[in-house]
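Peer 1: all I have is the shape, not the residue letters:
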């Protein structure tokens, strides 16, 4: 007693295939193309964020620059610069010669430690910059996650470095 209006059962249509966008460039190609095709590079970074090699290169370049300056200027040049800066400060005028020498020695020690810690300091700075970039993008309706913000931040810092 089936009604004539009732139709035969049909299988539901197959689900749509979910396609995951694969990046078009390797990480090395991304490093080179940031100079030649930045728009295409950032579109590719949207598909898959990548930042390790660029972050390490930035960190090494900044550290090499700091060591190069220290080598070129030398310890005596650094001491002379610190002494000149201290002489400009009116608060230092009341210090004795021994206190000034002690302050200069402390500055020299701190600067040598900072030179060796610079790679870590740069990487922390890049992570903080990526966090601010991601939070700013989220505030204006962006859809990326932290890794997208970090990769855009690092690759935008790469050419000026």
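Peer 2: Happy to help now that I have it. Since we're looking at a predicted model, the values are computed, not measured. Residues are numbered from 1 along each chain as shown.
Peer 1: tell me how far the host helix or strand of residue 137 lies from the chain's centre.
Peer 2: In this assignment (DSSP states H and E), residue 137 forms part of helix 97-139. Computed by C-alpha atoms, centre = their mean, to the nearest Å, the chain-centroid distance of helix 97-139 equals 14 Å.
Peer 1: one more: stretch 16-32?
Peer 2: Here the centre of stretch 16-32 is set off from its chain's centre by 21 Å, with C-alpha atoms, centre = their mean.
Peer 1: got a list of contacts for stretch 88-104?
Peer 2: Applying C-beta atoms under 8 Å, 6 or more residues apart in numbering, the contact partners of stretch 88-104 are 79, 82, 83, 86. To be clear about C-beta, it is placed using only N, CA and C from the backbone, and glycine gets the same treatment.
Peer 1: nope, stretch 34-47 is what I was after
Peer 2: 21-25, 30, 33, 54, 144, 148, 151-152, 155, 158-159.
Peer 1: quick one: least confident of those?
Peer 2: Lowest in pLDDT among the contacts of stretch 34-47 is residue 21, which has 67.
Peer 1: now stretch 76-84: buried residues?
Peer 2: For stretch 76-84, burial by neighbour count (16 or more other C-beta atoms under 10 Å) applies to 78, 79, 82.
Peer 1: which residues touch the residue nearest to the spatial centre of the chain?
Peer 2: In the chain, the C-alpha nearest the mean C-alpha coordinate belongs to residue 126, at 3.0 Å (C-alpha atoms, centre = their mean). Taking C-beta under 8 Å, 6+ apart, we find residue 126 in contact with 55, 58, 59, 150, 153, 154, 157.
Peer 1: returning to that earlier point: in helices, which of the contacts of stretch 88-104 appear?
Peer 2: 79, 82, 83, 86 (DSSP state H).
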